[in-house]
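**Q** how does the following fold in three dimensions:
(2 chains)
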Number of protein chains: 2
Amino acid sequence: MPKDERVTVSDVGERKLIQRFQQLITKSPDALLKGSEDAAAVEFEGQAIVFNTDMLVTSTDVLPGMTPEEISWKVGVMGLSDLAAKGAAPLGILVSFGFPEEIEKEYVEALVSGLNHVCRKHDTYYLGGDTNQCSELVINCAAIGTSPRGQLLHRSGAKPGDIIAVTGEFGYTGALFKIMLERYTTSKRLMKQIRSKALQPYARLKEGRALALTGVASASIDSSDGLAWSLHELALASQVGFRIDQLPIPQSCTKFAKQHKLDANDLALYGGEEFELVVTIPSSGWTKANQVVQKTRGQLVRIGTVTEDVEIILDIDGKERIIEPRGYEHFR
Amino acid sequence: MPKDERVTVSDVGERKLIQRFQQLITKSPDALLKGSEDAAAVEFEGQAIVFNTDMLVTSTDVLPGMTPEEISWKVGVMGLSDLAAKGAAPLGILVSFGFPEEIEKEYVEALVSGLNHVCRKHDTYYLGGDTNQCSELVINCAAIGTSPRGQLLHRSGAKPGDIIAVTGEFGYTGALFKIMLERYTTSKRLMKQIRSKALQPYARLKEGRALALTGVASASIDSSDGLAWSLHELALASQVGFRIDQLPIPQSCTKFAKQHKLDANDLALYGGEEFELVVTIPSSGWTKANQVVQKTRGQLVRIGTVTEDVEIILDIDGKERIIEPRGYEHFR
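**A** This next block holds a predicted model:
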């Protein structure tokens, strides 16, 4: 074949590639989740076993200056957050490492201790794994959990009229990316606040579990690819749209945005890696949903409503605009 | 710290590194397997959920000339074989990819189809996964299975007097490594035989399951790190030794060894990646064990006996020698 006819993954892009994968794979008759989902779930003795796998690659997923403890935190939360989005209770994680041969023992020990730490902080366990040699540091997290079969949260199921809500604030990672990757400056104090919040998110396991057990959520996803992207995924799976009329943005982020004449809403929508849940709740269940989430010491913040019209609209301060399907995509 | 005081993973070696990991990790109260094992297992509603994670890295784990289909086969068998060693029934695998951005779409599709193929050939499913960008091709396989809790096979439990047996022949990969990595030559016919057998091993899921269900095996491990290494791991976990008095070596391998004045026993012992099970069976259960394994269309080949003396001895043709704890180790 002449060289110019070769099609690489960069030409295709990650999302189309994944769609192609789904055509090539034989579906399991025991699979409980169909189509694009945060995790796989398989029926076992009337229960659902939920699991997922997520790889962190240093050259694309690690910000300059991240400590090994921060890297491990991200790896653990990345895996556990997908269980949270399904409402599953975690049993633990398994981790495979690819280490460059010159990596220091002390650094590796910090990674391992960090993984143990993030698991314990989420009331779960680092159960074991695998080590390998690789040209760069690669860490794969496989997380496993369980759920009563009928209580699994799905991406599909949102109905026009439902409330759309999130479990926390958005904007920290958007701001941190500006600082770390585009060299935006800010005060030491603000920088410290943004950094610590962006690099130590929690997987919303308790919130997801509470919503699943109560059966009040009609759809759920985590926001690891950015709020905008998650809204689009949720809309696509449920064949609905959203009208977003408020966004919970922390003061430090609006302040940072003001300093640099950035739109704080953009920081919140297109940042990514926030690991909050984005859920839809029928209005009849809203009070109950709030009660059960607050009992976990979590919060549920209404950001808008589900619409029949499949567009995703940001409607804040009387200005309407389309929320674009932008988010981080590999090979692009 | 002065540079010469820095200790890298290469200085430590993979096995000591893993021992260090175990000290740093909080044990789960639900964990059903202790110490160094092929997989993790967690109790769930009276059952055992068994899972493991294995990473393949091109620069260290892929032989020159391997096709994408052969790479996928290896990845799948690597993961499923650890379930086999525990006697677990597979639910499926999840796969994370790290792709170099210049990798071709067609090659990636061959990898994905190959993973689907290896799963279907083992009566299980490729359930989903994750794609990422990486400086080299990395594939992580997380395999998941289940087992009635009391039937899990362990590495520990072998007793002096037990029979030690394997589920198939050894020597193909040892011979293939000589051909591919050390440029030993042989006839096209022999080369083809060795290559196809070495690159398309099966995970012994049915054999492991049959032994677990019957409760006749006292200990079990897979031979993915080489027969010699597996014997040492099994001996260590059970605090016993072995006297090996025969090895099932295929004719093509003894012929290849003769051509090059190599010891065929060495090819069988120190090759690695054979993915056969190595199990111990009390002599009272030997007939039963053979029956149940033969029913799966598998075989159980007696290779020796378990001894009180913790040494591992090869005793063939009237010549006794020690089987060394050699096998593939990363960073070495």
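
**Q** after the helix or strand in which A:Thr287 is found, which helix or strand is next? Please name it.
**A** Using DSSP states H and E, A:Thr287 sits within helix A:286-295. Per DSSP H and E, the first helix or strand lying C-terminal to helix A:286-295 is strand A:301-307.

**Q** need the contact partners of that following strand.
**A** Under the criterion Cβ atoms under 8 Å, 6 or more residues apart in numbering or on different chains, residues A:158-169, A:238, A:240-248, A:280, A:286, A:313, A:315 lie in contact with strand A:301-307. Where you see a C-beta, it was placed from the backbone N, CA and C, and this is true even at glycine.

**Q** ditto for stretch A:63-70
**A** With Cβ under 8 Å, 6+ apart, stretch A:63-70 has contacts from A:74, A:107-108, A:110-111, A:113-114, A:117, A:176-177, A:180-181, A:199-200.

**Q** okay, those residues in TSV with secondary structure next?
**A** Formatted as TSV, the contacts of stretch A:63-70 follow (DSSP: H, G, I helix; E, B strand; the rest coil):
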residue	secondary structure
A:Lys74	helix
A:Tyr107	helix
A:Val108	helix
A:Ala110	helix
A:Leu111	helix
A:Ser113	helix
A:Gly114	helix
A:His117	helix
A:Leu176	helix
A:Phe177	helix
A:Met180	helix
A:Leu181	helix
A:Leu199	helix
A:Gln200	coil
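
**Q** rewinding a little: packing partners for the helix holding A:Thr287?
**A** helix A:205-214 (3 or more Cβ pairs under 8 Å, 6 or more residues apart in numbering or on different chains; DSSP states H and E).

**Q** mind listing what's buried along the helix it packs on?
**A** Using 16 or more other Cβ atoms under 10 Å in any protein chain shown as the test for burial, helix A:205-214 gives A:205-212, A:214.

**Q** just give me the closest of those to A:Ile103.
**A** Nearest to A:Ile103 among the buried residues of helix A:205-214: A:Leu205, at 30.5 Å, using Cβ to Cβ.

**Q** where does A:Ile49 land in three-state SS?
**A** Applying three-state DSSP: A:Ile49 is strand.

**Q** state the pLDDT value of A:Ile164.
**A** Looking at A:Ile164, its pLDDT is 98.

**Q** and A:Thr26, by the same measure?
**A** Model confidence at A:Thr26 (pLDDT) stands at 95.

**Q** now swap in A:Glu329 and tell me
**A** pLDDT, read off for A:Glu329, is 61.

**Q** the helices in the stretch 201-332 of chain A, which residues?
**A** A:205-214, A:227-238, A:251-259, A:264-270, A:286-295 (DSSP state H, counting those that start in this stretch).

**Q** can you put these in CSV and add mean pLDDT?
**A** Formatted as CSV, these follow (pLDDT from 0 to 100):
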stretch, mean pLDDT
helix A:205-214, 97
helix A:227-238, 96
helix A:251-259, 96
helix A:264-270, 95
helix A:286-295, 98
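
**Q** with distance to A:Glu43 added, can I get these in JSON lines?
**A** Formatted as JSON lines, those follow (distance: least, Cβ to Cβ, whole Å):
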{"stretch": "helix A:205-214", "distance to A:Glu43": "16"}
{"stretch": "helix A:227-238", "distance to A:Glu43": "20"}
{"stretch": "helix A:251-259", "distance to A:Glu43": "42"}
{"stretch": "helix A:264-270", "distance to A:Glu43": "36"}
{"stretch": "helix A:286-295", "distance to A:Glu43": "25"}
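
**Q** can you say which of those is nearest to B:Phe21?
**A** helix A:205-214 (24.1 Å).

**Q** returning to that earlier point: filter the contacts of strand A:301-307 down to the buried ones.
**A** By 16+ other Cβ under 10 Å, these give A:158, A:162-169, A:238, A:240-244, A:247-248, A:280, A:286, A:313 as buried.

**Q** show me the contacts for the residue lying closest to A:Ile313 once chain neighbours are set aside.
**A** Spatially, and ignoring its direct neighbours in sequence, A:Ile313 is nearest to A:Arg243 (5.0 Å; Cβ to Cβ, 6 or more residues apart in numbering or on different chains). A:Arg243 sits next to A:304-305, A:307, A:313, A:315 when contact means Cβ under 8 Å, 6+ apart.

**Q** beta partners of A:Arg243?
**A** A:Thr305, A:Ile313 (DSSP bridges).

**Q** distance of it relative to A:Thr280?
**A** Distance of A:Arg243 to A:Thr280, given as Cβ to Cβ, to the nearest Å: 12 Å.

**Q** A:Arg204 and A:Glu276 touch, don't they?
**A** Yes: taking Cβ atoms under 8 Å as the definition, A:Arg204 is a contact partner of A:Glu276 at 6.3 Å.

**Q** overlap in contacts, the two.
**A** A:167-168, A:222.

**Q** burial measure for the closest residue to A:Ile49 other than its chain neighbours, as a count.
**A** Among residues not flanking A:Ile49 along the chain, A:Val42 sits closest, at 5.2 Å (Cβ to Cβ, 6+ apart). Counted with other Cβ atoms under 10 Å in any protein chain shown, the neighbours of A:Val42 add up to 21.

**Q** likewise A:Lys258?
**A** By other Cβ under 10 Å, 10 other residues sit near A:Lys258.
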